[in-house]
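Novice: How does the following fold in three dimensions:
(chains A and B)
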Amino acid sequence: MVSLLIIAPVESLQKEINQTVQSFKGKPGIYVSLNKTHKSTQDILKKEGISIENLFFIDCVTSEKIIPDVLNIPPTQLGQLSYAILSFIKELEGKKFLLIDALSTLLIYNEENKVAQFVKEITEYASENNVEVIALSPKTKGEELLNKIFNFFDKVKKDKK
Amino acid sequence: MKSQTIIFFLACLMLLNALPVKAQAQPSQESIIKNSLFDIIIEIPENYKSIKAGSELLSNIKLVNIGSQGRIDVSLDYEITSPDEKSILKKKETVAVETQANFVRIFDISKDSPPGKYALHVKLTYADGKEASAVHSFEVTSLKNSRIYYYVLGGIVVLALLSYLSIRAKSIIEKAKIRLKVHRIVKERLRK
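Specialist: Numbering: from 1, shown residues only, chains lettered A, B, ... in the order given. Next up is the predicted model:
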């Protein structure tokens, strides 16, 4: 199984997400939403005709627990977030994927080293459990902040546009 | 005749020079005692100037004989008095001193001793009844205070432990909640 870090300009980030979700063709996936609310992500994917039936959302933006089948975890609680991801990986049977939208957001709320530790933990656990990890990050001026976490991914895809 | 007188005189002189010199006389015990003049100094180390009731008082006693140089037996009387000037400890000993003596003496302070300013008195008496004395004060602090200190310290440790355990428990509860919720979400979704 592979772990992939996609760095793309902000305007093409959603396109990358859509393509990634579509490429898994209905396989169960864990969607960690750090940029948009669960509702907004759901609406965008639905609008693009992408099935969200097998997507399990961890919403790190909405603070109120409105929807019962969505897990709300603040982005500052990396321990809880990693535990939630690991719990989903354990609960879901068969092949599955993990999508993190967008990884760099964690660097706003947490120290670089803690984010690096979180990424290491997640990628290692995913690799042991045959889970494909796709982390996205917008191409921004703060891109160098991602330097510490590059090494934990098998592949890094940089969109040059 | 004249030369015979000179020779005789010189011979007498030589004889006188050849006679052994009389050894200097050692002072007698009587004169040592008579000339002796003692001074006594008490020193209490800095970390023993304030002690807890029930602990030991360490003191350094220095005796100096500035009057004579012979060995002399002296008698020492130690006494510790409480803040209300009551005697709480008495000890007596005899030591031999030549010109000076330096020794350490340790005294046990009862744990029942009330806090306050205490005094260590030392009286030196030597053979003909002459006396020299010295006194040095020290502080005795309450054992209760040190107990309170330990209780406070223990309390802080217990509180720190409890708060650590409560943080750990909170984290465990949070994780259990997450696990249950994930289980429920997945179960409900699969049912659909």
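
Novice: May I have whatever helix or strand A:Val115 lives in as PDB, with CA atoms only?
Specialist: Using DSSP states H and E, A:Val115 maps to helix A:112-128. C-alpha atoms of helix A:112-128 as PDB (Å, rounded to 0.1, in the frame of the first residue of the first chain):
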ATOM      1  CA  GLU A 112       5.700  21.100  13.400                       C
ATOM      2  CA  ASN A 113       7.100  18.200  15.400                       C
ATOM      3  CA  LYS A 114       3.700  17.100  16.700                       C
ATOM      4  CA  VAL A 115       2.300  17.100  13.200                       C
ATOM      5  CA  ALA A 116       5.300  15.100  12.000                       C
ATOM      6  CA  GLN A 117       4.700  12.600  14.800                       C
ATOM      7  CA  PHE A 118       1.100  12.400  14.000                       C
ATOM      8  CA  VAL A 119       1.800  11.800  10.300                       C
ATOM      9  CA  LYS A 120       4.400   9.100  11.200                       C
ATOM     10  CA  GLU A 121       1.900   7.300  13.400                       C
ATOM     11  CA  ILE A 122      -0.800   7.400  10.800                       C
ATOM     12  CA  THR A 123       1.300   6.400   7.800                       C
ATOM     13  CA  GLU A 124       2.900   3.500   9.800                       C
ATOM     14  CA  TYR A 125      -0.400   2.200  11.000                       C
ATOM     15  CA  ALA A 126      -2.000   2.500   7.600                       C
ATOM     16  CA  SER A 127       0.900   0.700   6.000                       C
ATOM     17  CA  GLU A 128       0.600  -2.200   8.500                       C
END
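
Novice: anything in the next helix or strand after it near chain B?
Specialist: Per DSSP H and E, the first helix or strand lying C-terminal to helix A:112-128 is strand A:131-138. No - using Cβ under 8 Å from any Cβ of the partner chain, strand A:131-138 stays clear of chain B, coming no nearer than 14.5 Å. Backbone N, C-alpha and C define where each C-beta goes, glycine included.

Novice: Partner strands of strand A:131-138 and their direction?
Specialist: Strand pairing for strand A:131-138, using DSSP bridges, gives strand A:3-8 (parallel), strand A:96-101 (parallel).
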